[in-house]
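In: Okay, here's the prediction I keep looking at, along with the sequence it came from:
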Amino acid sequence: MKDTMKMIVFVLVLGAAWTSLLVVVDQKTKPLIDAYEEEMVRKSVLETLGVRCEGQDVAQVFEQNVEKVKFGEKTVYKSKAGDVVFEIKGSGSQGPISGVMALEKDLATIKGIKIVNNVETPGLGTRVLAKENLEKLKGKKFQPTLMFVAEGKAKEVCEVDGITGATLTGNAFRKILNEEREAYVKAIRGEGE
């Protein structure tokens with residue numbers, strides 16, 4: 001019984017010590033992690049707007065080119081030219097997809113998209129989200145929605161060639177783009193959610 005009590009006390013003391021250490025580490029690293037995440041958002045916003053910031057102070061370039069505006073719960077990054085950027089997120093076929101999308105000031109034309117995180121299947125779903133395929137979305141319009149069609153069949157300004165073998169990710173990504181764009185445009189125009 002005495003040995004059992006010693007073991008219980010030892011485990012409790014050790015657990016309290018490790019918990020305290022983790023709390024201290026979390027408090028010390030949180031500001032660094034938050035600053036890093038903010039810089040990544042700024043870089044992504046600048047990239048989708050086509051503003052170069054390599055070798056420059058990202059915060060300064062961001063401040064010179066972009067204004068952060070709140071529309072209710074939604075945060076929008078607005079360029080001096082009137083283009084808008086907002087964060088996009090939703091469910092892919094394998095898990096969450098997140099990134100940023102820039103629209104021209106007409107709020108219908110895609111200026112750029114950058115994916116920040118995804119867990120789609122390498123070699124299949126990730127092809128939809130690859131930089132070279134995201135480039136194909138530039139200039140496409142939501143009229144009224146963006147559509148992914150069979151590869152090689154896109155003819156209209158609202159149609160994008162899908163990728164053979166990645167239909168589930170393509171459909172999920174199209175849904176994310178259409179839903180996020182609609183929600184942000186309503187917020188910007190004051191139409192609520």
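Out: Perfect, thanks for sending it. Just so you know, these numbers come straight off a predicted model, no measurement behind them.
In: list the helices and strands the lowest-mean-pLDDT helix or strand in the chain packs on?
Out: Ranked by mean pLDDT, DSSP states H and E, the helix or strand of the chain with the weakest confidence is helix 125-128, at a mean of 88. Contacts defined by 3 or more C-beta pairs under 8 Å, 6 or more residues apart in numbering; DSSP states H and E place helix 125-128 against helix 167-188. All C-beta spots, glycine's among them, are computed from the backbone N, C-alpha and C.
In: Okay, buried residues for the helix it packs on please.
Out: Judged by neighbour count (16 or more other C-beta atoms under 10 Å), helix 167-188 contains these buried residues: 167-170, 172-178, 180-181, 183-185, 187-188.
In: show me where the protein has helices.
Out: Assigned by DSSP state H, the helices in the chain fall at 2-49, 58-65, 125-128, 131-135, 167-188.
In: ok, residue 93 - how many residues close by?
Out: Residue 93 has 19 neighbours, counted by other C-beta atoms under 10 Å.
In: Look up the closest residue to it, ignoring the ones flanking it.
Out: residue 168 (3.6 Å; C-beta to C-beta, 6 or more residues apart in numbering).
In: wait, doesn't that neighbour sit right on residue 125?
Out: Yes. Applying C-beta atoms under 8 Å, one finds residue 168 in contact with residue 125, separated by 7.0 Å.
In: Quick check: neighbours shared by these two?
Out: Counting by C-beta atoms under 8 Å, 6 or more residues apart in numbering, the residues touching both residue 168 and residue 125 are residue 93.
In: check contacts around residue 126.
Out: Applying C-beta under 8 Å, 6+ apart, we find residue 126 in contact with 118, 120, 169.
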